[in-house]
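In: my questions concern the predicted model and sequence given below.
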Amino acid sequence: MKISGSTFIVTGGLGGLGSECVRMLLEQGACVGVIDIVEQGEGSARLAKALQSDDERRRIVYAQASISDRSSAERAVADIVAKLGNLRGLVHCAGVALRQEFSNKMADAVDQFRKTLEVNAVGTFCIGAVVADAINAQTEKELGLSAQAPSRFWTTDQERGVIVNFASVVGHEPSARILGYGPSKTCVLGLTKSFADFLAPSGIRVNSVSPGIVATPMNTGKALEFFNKDLLANGVFPKRASEPAHVSSAVRFLIENEFVNAEDVKVTGGWRIVTTTFPGQGDPRDSMPGLE
Ligand SMILES: NC(=O)c1ccc[n+]([C@@H]2O[C@H](COP(=O)([O-])OP(=O)(O)OC[C@H]3O[C@@H](n4cnc5c(N)ncnc54)[C@H](O)[C@@H]3O)[C@@H](O)[C@H]2O)c1
């Protein structure tokens, strides 16, 4: 998909990785609709601060929404389409990693798991579906298909859109310390494949990116300290947290290469979180910032 001149929606566009994807897309000449849960006035103000020129200001729109709420997501997407037009893709970065104290009662983590799934799993399904519907409605109009047949029967062999979801390396091999967050990202990997198959007749590709540890607000303070120690001990190369730009260049590749579909690209420096058990070092939970 050509980036220049196309409109992309970036969810979580006020966060660490989302704002870097917004920057990359603007730099490549795209129009960008940013969706985040942050209230409209504050979100627009935070976005405006990061913009470099009047040209960039003309090519961006902020729309407050929760990605897991169908009506709020539909309102935001309709607003973006009305203001920017030519919707070609979704870069879905919004996600949560909720931390809580460890407890020996596993059931204490149930509520947190439910909240995590609501955003990371249901949210991925909901925003992906709403954006795909908007691209399909646009395709119908562009190809004059709605006049000829009921909308659900048409197919196209032209590329009409592209979706890039944010999974995580821990979705590939969930382990103890990411008890709920890990499986929520496994769900993102699964949805990427099923959406890719489902949306193939619509000419929409769906891929995901799986970062390792990235220095963003999701990983600050004690957490980044902890992860950096882990990366130093167990990483492959480079043995450190990556920068958001390492991930946005993978997103760009997934948008631009029309032959990559139903795939996941890991940006981890080879690191994978496999186990928390280090024999002879006591309870590994003692050294961790919290249960995710
Ligand atoms: N930072 C990492 O190390 C890392 C590693 C692997 C995967 N990821 C994934 O990358 C994505 C981006 O992470 P980040 O580090 O930029 O996090 P971040 O916390 O900096 O940004 C997340 C953004 O999502 C928004 N958001 C949360 N819930 C929302 C909702 N319901 N609706 C709309 N917006 C919502 C937040 O307001 C925030 O702006 C996430 O999906 C995360 O799970 C991050």
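Out: Perfect, I can see it now.
In: secondary structure class for residue 266?
Out: Using DSSP: H, G, I helix; E, B strand; the rest coil, the structure places residue 266 in strand.
In: quick check: bridge partners of it?
Out: residue 210 (DSSP bridges).
In: what about it, how many neighbours?
Out: Number of residues near residue 266 (other Cβ atoms under 10 Å) recorded here: 18. (Each C-beta comes from the backbone N, C-alpha and C, glycine too.)
In: again with residue 167
Out: Neighbour count for residue 167, taken as other Cβ under 10 Å: 27.
In: and stretch 77-85, average pLDDT?
Out: Stretch 77-85 shows a mean pLDDT of 98.
In: in it, what counts as buried?
Out: 77, 79-81, 84 (16 or more other Cβ atoms under 10 Å).
In: with just CA atoms, put it into CSV.
Out: What follows is stretch 77-85, C-alpha atoms only, in CSV (Å, rounded to 0.1, in the frame of the first residue of the first chain):
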residue,chain,number,x,y,z
VAL,A,77,-13.9,6.3,12.3
ALA,A,78,-16.8,8.1,10.6
ASP,A,79,-15.5,11.5,11.8
ILE,A,80,-12.0,10.7,10.4
VAL,A,81,-13.4,9.5,7.1
ALA,A,82,-15.5,12.6,6.7
LYS,A,83,-12.6,14.9,7.5
LEU,A,84,-9.7,13.1,5.7
GLY,A,85,-11.3,10.7,3.1
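In: run the chain-centre distance for that stretch.
Out: 20 Å (Cα atoms, centre = their mean, to the nearest Å).
In: can you find the helix or strand in this structure with the smallest mean pLDDT?
Out: helix 221-234 (a mean of 80; mean pLDDT, DSSP states H and E).
In: only the buried residues of the helix or strand following that helix, if you could.
Out: Using DSSP states H and E, the helix or strand that follows helix 221-234 in sequence is helix 244-256. Neighbour counts over helix 244-256 (16+ other Cβ under 10 Å) mark 244, 246-248, 250-252, 254-255 as buried.
In: host element of the nearest residue to residue 63 once chain neighbours are set aside?
Out: Distances taken as Cβ to Cβ, 6 or more residues apart in numbering place residue 76 nearest to residue 63, at 3.7 Å, with adjacent residues excluded. Per DSSP H and E: residue 76 is located in helix 70-84.
In: can you list the helices and strands that that helix packs against?
Out: strand 7-11, strand 31-36, strand 60-64, strand 87-92, helix 123-143 (3 or more Cβ pairs under 8 Å, 6 or more residues apart in numbering; DSSP states H and E).
In: check what pLDDT the residue positioned nearest the centre of the chain gets.
Out: Centroid check for the chain by Cα atoms, centre = their mean gives residue 93 as the closest residue, at 2.5 Å. Note on residue 93: pLDDT of 98.
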